[in-house]
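give me the fold of what follows.
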Amino acid sequence: MHFLGDILMEFKKLFTKKGVLFLGLFALLSLVGMNINFSALVGKENQFFTLFQLFGPTAGMFLGPVVGAASVLIAQLSNFFIAGTQFSMLSLLRILPMLFAAYYFGTKRKSFGIAVSLIAIAAFIAHPLGKQVWYFSLFWTVPLIAAVLPKKYSEGVMAKSLGSTFAAHAVGGAIWIWSVPMTVEAYIALIPVVLVERLLFASGIAVSYVTLNAVLDKALEKMKVKAESFVEIRKKFTFRA
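Alright, predicted model coming up:
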């Protein structure tokens, strides 16, 4: 009941004029980001990671994990309709990684990061190919490790960013191995690619969060609006700080 109460409180913050405005601006920014390719998805033609991966998860911190994940879902579904993307089970499942990333970035529940890591690893290794390249799933211990660190580290922007991007990779990877044919050699070749790619994503998420935090704080100050009424601002990442 306490958990449901928290969810209702989060959504209550969103359904205000200011909350809807923020959601609209985030959706617009997301739609732009989704149409700027960052890197290609191995194993699937004309599929790409986009700039959305660099800032999408930050919604979880600004709006809270539940509403943040909901805003990411709205943005992704909107992009589906605008881009005329053909709906399929795989295309719908590809929405999930960013939802988990946004929730991870905003939540204070350590159990979430632990569960994401363990379930994704188990799902990957349960696949016949996954058993052969089980070590690939070790990437997905990052959300678990980041979550169980002492609070002063686990709540830090870099730990959240790393945990968030690897949580997305864990969910996406667990889905991918069961839906896209690949080889052992392909997964081995992906290891250095994933390492570099995810470090770039984590850096992008961290920089995006700190930048948006400072810009939002300044904008709300100029508008004479209290941020805490609908969005969470970390004061140590503001121009005033």
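
secondary structure element for the closest residue to residue 140 other than its chain neighbours?
Nearest residue to residue 140, sequence neighbours excluded (C-beta to C-beta, 6 or more residues apart in numbering): residue 170, at 3.8 Å. All C-beta atoms are positioned from the backbone trio N, CA, C, and that covers glycine. When elements are assigned from DSSP states H and E, residue 170 belongs to helix 157-179.

okay, buried residues for that helix please.
By neighbour count on 16 or more other C-beta atoms under 10 Å, the buried set for helix 157-179 is 157, 159-177.

go through the protein and flag its longest helix.
Ranked by residue count, the top helix of the chain under DSSP state H comes out as helix 184-223.

could you check how many residues crowd around residue 112?
By other C-beta atoms under 10 Å, the residues close to residue 112 number 19.

now the protein, which segments are flagged as low pLDDT?
Within the chain, the stretches with pLDDT under 70 are 1-19, 38-48, 83-92, 224-230, 239-241.

neighbours around residue 210, how many?
Neighbour count of residue 210, defined by other C-beta under 10 Å: 17.

how about it, nearest residue that isn't a chain neighbour?
residue 237 (4.8 Å).

that neighbour: what's it in contact with?
Residue 237 is in contact with 157, 209-210, 213-214, counting by C-beta atoms under 8 Å, 6 or more residues apart in numbering.

quick one: which helix or strand includes the residue sitting nearest the centre point of the chain?
By C-alpha atoms, centre = their mean, the chain has its centre lying nearest to residue 101, at 2.5 Å. Under the criterion of DSSP H and E, residue 101 resides in helix 96-106.

okay, the angle between that helix and helix 184-223?
Orientation check (axes from the mean of the first three to the mean of the last three C-alpha atoms, to 10 degrees): helix 96-106 against helix 184-223 gives 50 degrees.

and helix 96-106, what does it pack against?
Secondary-structure packing of helix 96-106 (3 or more C-beta pairs under 8 Å, 6 or more residues apart in numbering; DSSP states H and E): helix 52-55, helix 59-63, helix 65-83, helix 110-125, helix 157-179.

what sits up against that helix?
With C-beta under 8 Å, 6+ apart, helix 96-106 has contacts from 52-53, 56-66, 68-69, 71-73, 76, 112-113, 116, 143, 160-161, 163-165, 167-172, 175, 205, 209.

what of stretch 142-155?
104, 108, 110, 112-114, 116-118, 159-160, 162-164, 166-167, 170.
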